[in-house]
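**Student:** Provided below are the primary sequence and the corresponding predicted coordinates.
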Amino acid sequence: QVQLVESGGGLVPAGGSLRLSCAASGRTFSGYNMGWFRQAPGKEREFVAIINWSGGNTHYADSVKGRFTISRDNAKNTVYLQMNSLKLEDTADYYCAAGRGWTSLNVGYDYWGQGTQVTVSS
């Protein structure tokens, strides 16, 4: 089992920045690829970014490419999502997830956090 706890969400003005954290406990964190997903009200959960177990490979959704950066610190069992130039459409609940595969699909992840809310205001 891997337990994931997100933090760092909040209210931020458009154009601002926010850094989300996801702390992991349980099984060996460094053995998992980590993903960030988000779900806006009334919409399906969508992929945001993924980082491989070593941190050497990343991939982003087109909607956040160039604005968001995913990173991880295996010594701290934590993955981060730095979000810059935030837009109104970035408003959502953000979830981190752990999985063995390299995928943007929800079903490819074994463990999920409870989410942290991000609201971007005009």
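**Tutor:** Nice, I can see it.
**Student:** show me where this structure has strands.
**Tutor:** In the chain, strands defined by DSSP state E lie at 2-7, 10-13, 18-26, 33-39, 46-51, 58-60, 68-73, 78-83, 92-99, 111-112, 116-121, listed in chain order.
**Student:** What residues sit buried inside the last one?
**Tutor:** Same thing as strand 116-121. Residues of strand 116-121 classed as buried: 116, 118, 120 (neighbour count, 16 or more other CB atoms under 10 Å). (C-beta placed from N, C-alpha, C; glycine too.)
**Student:** relative orientation of it and strand 18-26 in degrees?
**Tutor:** Comparing the axes of strand 116-121 and strand 18-26 via axes from the mean of the first three to the mean of the last three CA atoms, to 10 degrees yields an angle of 170 degrees.
**Student:** so what does strand 116-121 touch, helix or strand wise?
**Tutor:** strand 10-13, strand 18-26, strand 92-99 (3 or more CB pairs under 8 Å, 6 or more residues apart in numbering; DSSP states H and E).
**Student:** would you turn the buried residues of strand 116-121 into CSV with distance to residue 48 and pLDDT?
**Tutor:** Listed next are the buried residues of strand 116-121 as CSV, based on distance: CB to CB, whole Å; pLDDT from 0 to 100:
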residue, distance to residue 48, pLDDT
116, 13, 98
118, 11, 98
120, 14, 98
